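Colleague: Okay, sequence plus prediction incoming.
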Amino acid sequence: MSTPRMELILDNYKVKWVDLGEGCDGDYDPSDPDDVCLLRFDISELATTDTGEEWVEVPNGSYCTRMPTSTSHRTLLRALVEIALEVVNTQGGKRAMERLSWIRPEEVA
């Protein structure tokens, strides 16, 4: 199952899922039956520059999660909404994003 390309823009923040081939302990190891290929979320903020508006990465705004790449599209979208709402509410706060890195499919309403 391929990971859907998915991003969400809320206020001045963009949150997206990224598959970098990460696993439970570093790089995903398909020969390890206990390993799982996990998704990362990346956060960008809309910034005004001399040339107009552009998306810039939020410092410390990229975290590997406990969300497997095999997670259903619906659950991934719900999780992305939860992450985006928290990022907007905390204005990209580092502690909030660190906490969100532990998000798992079972926790998404």
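Modeller: Arrived safely. Numbers count the residues shown, from 1 in each chain.
Colleague: Secondary structure of E22: a strand, I assume?
Modeller: Yes. E22: assigned to a strand according to DSSP: H, G, I helix; E, B strand; the rest coil.
Colleague: my guess is it meets R40, correct?
Modeller: Yes. Using Cβ atoms under 8 Å, E22 is in contact with R40, at 6.4 Å. (Each C-beta comes from the backbone N, C-alpha and C, glycine too.)
Colleague: which residues are in contact with both of the two?
Modeller: Residues touching both E22 and R40 (Cβ atoms under 8 Å, 6 or more residues apart in numbering) are C64.
Colleague: for the protein, what spans make up the strands?
Modeller: Taking DSSP state E to define them, one finds strands in the chain at 7-10, 13-23, 26-27, 38-49, 52-68.
Colleague: packing partners for the third one?
Modeller: Spelled out, it's strand 26-27. Helices and strands touching strand 26-27, by 3 or more Cβ pairs under 8 Å, 6 or more residues apart in numbering; DSSP states H and E: there are none.
Colleague: strand partners of it, parallel vs antiparallel please.
Modeller: Here strand 26-27 is paired, per DSSP bridges, with strand 13-23 (antiparallel).
Colleague: Report the angle between the partner strand and strand 52-68.
Modeller: Angle, strand 13-23 to strand 52-68, by axes from the mean of the first three to the mean of the last three Cα atoms, to 10 degrees: 40 degrees.
Colleague: Locate the residue of the chain with the greatest distance from its centre.
Modeller: D50 (28.7 Å; Cα atoms, centre = their mean).
Colleague: Setting aside sequence neighbours, what's the nearest residue to M67?
Modeller: Excluding the flanking residues, the one nearest M67 by Cβ to Cβ, 6 or more residues apart in numbering is L39, at 4.6 Å.
Colleague: So that neighbour sits against P68, correct?
Modeller: Yes. In this structure, L39 is within contact of P68 by Cβ under 8 Å, at 7.3 Å.
Colleague: Of these two, which one has the most company?
Modeller: L39 (25 against 18; other Cβ atoms under 10 Å).
Colleague: can you pull the pLDDT of the residue most central in space within the chain?
Modeller: Nearest residue to the geometric centre of the chain (Cα atoms, centre = their mean): F41, 1.6 Å. Here the pLDDT value assigned to F41 is 96.
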